[in-house]
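Visitor: have a look at this fold, sequence not included:
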């Protein structure tokens, strides 16, 4: 028996840590998240290069699965092909979650929801092409892709949890859940801002004013809907940036003052701040350059990363178990624990 145990330790690299039964599902969920973010960036390239109608039919391109050697056609068609790969990855993830972790219904149910959303997303993609890039459909298509990312990030967070919740410190768990709730609120604001930006671009409102950081330096206000969209998106970006910075300051200060809290409470909001700084810079670049291709692609791509970061904070915090009554918290000791001396 001793020899067998030593052989097993040797095969595992000398580690005595127990195997993580959820490592496989977690890695596949991370892979699916990365693949979906790449798909969003490819969609940004399609839009920035004005390739959305390079293939006017769907799902093939001019009735062919291998289109002619045209750059715009291949921007559009490769986006569709990669969407198929992403759909298969998410289907595989859901089947694996159901087969191996049926005891955790939240895990495979969120995967099933992601599969349903992928089917809806495919329908939206077809409608975008067949109805000639209507702004509302394009915005819905983008928002749906972000919601699919959110489902995958939640699956990653759930797959990080052990099968049995370990005893935890009440204040620590409460802080994690508080940061998770505030992250969820900020995530809603990021989603609204991203959708508004897509709507502004789709309605030709992205470059109404070319002055930064405010407006009216290059042309007067007339009250046109495009001007409203442009300025709403611009000042919405400033508000989202302020919300992300506030979240980071709040989380980092609480992390420093609460012993034993996990590092993600500081790392995830700090990462969101770094991304929002880059995003604001790309937004300014878009205005000044009237969206050079690299700037437009980067603006959408970093926006999706920012969304992923704040959703990760929300998922990590809100999937933590609530503090139990037996967890140590400030207050008087339970009556049964008090020993009265006679």
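Guide: That came in fine, so what should we check first? Remember, predicted model here, so these are calculated numbers, not experimental data.

Visitor: which SS state does residue 143 fall under?
Guide: Of the three states, residue 143 takes helix under DSSP: H, G, I helix; E, B strand; the rest coil.

Visitor: show me the contacts for it.
Guide: 191, 194-195, 198 (C-beta atoms under 8 Å, 6 or more residues apart in numbering). C-beta coordinates here come from the backbone N, C-alpha and C atoms, glycine included.

Visitor: helices and strands around the helix or strand residue 240 falls within, which ones?
Guide: Residue 240 is located in helix 225-257, with elements delineated by DSSP states H and E. Helix 225-257 sits against helix 170-202, helix 264-289, helix 293-318, with contacts defined as 3 or more C-beta pairs under 8 Å, 6 or more residues apart in numbering; DSSP states H and E.

Visitor: avg pLDDT for the last one?
Guide: Translated: helix 293-318. The predicted model assigns helix 293-318 a mean pLDDT of 93.

Visitor: kindly report the same for the second one.
Guide: For helix 264-289, the mean per-residue pLDDT is 90.

Visitor: okay, buried residues for that helix please.
Guide: Neighbour counts using 16 or more other C-beta atoms under 10 Å place 264-273, 275-276, 279-280, 282-287 of helix 264-289 among the buried residues.

Visitor: tell me the helices and strands packed up against that helix.
Guide: Packing contacts for helix 264-289, counted by 3+ C-beta pairs under 8 Å, 6+ apart, involve helix 170-202, helix 225-257, helix 293-318.

Visitor: closest one to residue 81 among these?
Guide: helix 293-318 (18.5 Å; C-beta to C-beta).

Visitor: the closest one versus helix 170-202: what angle between them?
Guide: Put simply, helix 293-318 runs at 150 degrees to helix 170-202, going by axes from the mean of the first three to the mean of the last three C-alpha atoms, to 10 degrees.

Visitor: for helix 293-318, what is the distance to the chain centroid?
Guide: Here the centre of helix 293-318 is set off from its chain's centre by 5 Å, with C-alpha atoms, centre = their mean, to the nearest Å.

Visitor: how many residues are close by residue 256?
Guide: Residue 256 has 11 neighbours, counted by other C-beta atoms under 10 Å.

Visitor: name the nearest residue to it, sequence neighbours excluded.
Guide: Distances taken as C-beta to C-beta, 6 or more residues apart in numbering place residue 266 nearest to residue 256, at 7.8 Å, with adjacent residues excluded.

Visitor: and residue 101, by the same measure?
Guide: For residue 101, ignoring the flanking residues on the chain, the nearest one in space by C-beta to C-beta, 6+ apart is residue 107 at 5.1 Å.

Visitor: specify the residue ranges that define each domain of the protein.
Guide: According to automatic domain parsing, the chain comprises the domains 20-164, 166-324.

Visitor: least reliable of those domains going by mean pLDDT?
Guide: If you rank the domains of the chain by mean pLDDT, domain 166-324 sits at the bottom with a mean of 86.

Visitor: which ones are touching the residue nearest the centre of the chain?
Guide: Nearest to the mean C-alpha position of the chain, by C-alpha atoms, centre = their mean, lies residue 308 at 2.4 Å. Contact analysis of residue 308 by C-beta under 8 Å, 6+ apart lists 33, 37, 149, 153.

Visitor: could you list which of these belong to strands?
Guide: Among the contacts of residue 308, no member falls in strands (criterion: DSSP state E).

Visitor: relative to residue 184, which of the residues you listed is nearest.
Guide: Of all those, the one with the least separation from residue 184 (C-beta to C-beta) is residue 153, at 11.8 Å.
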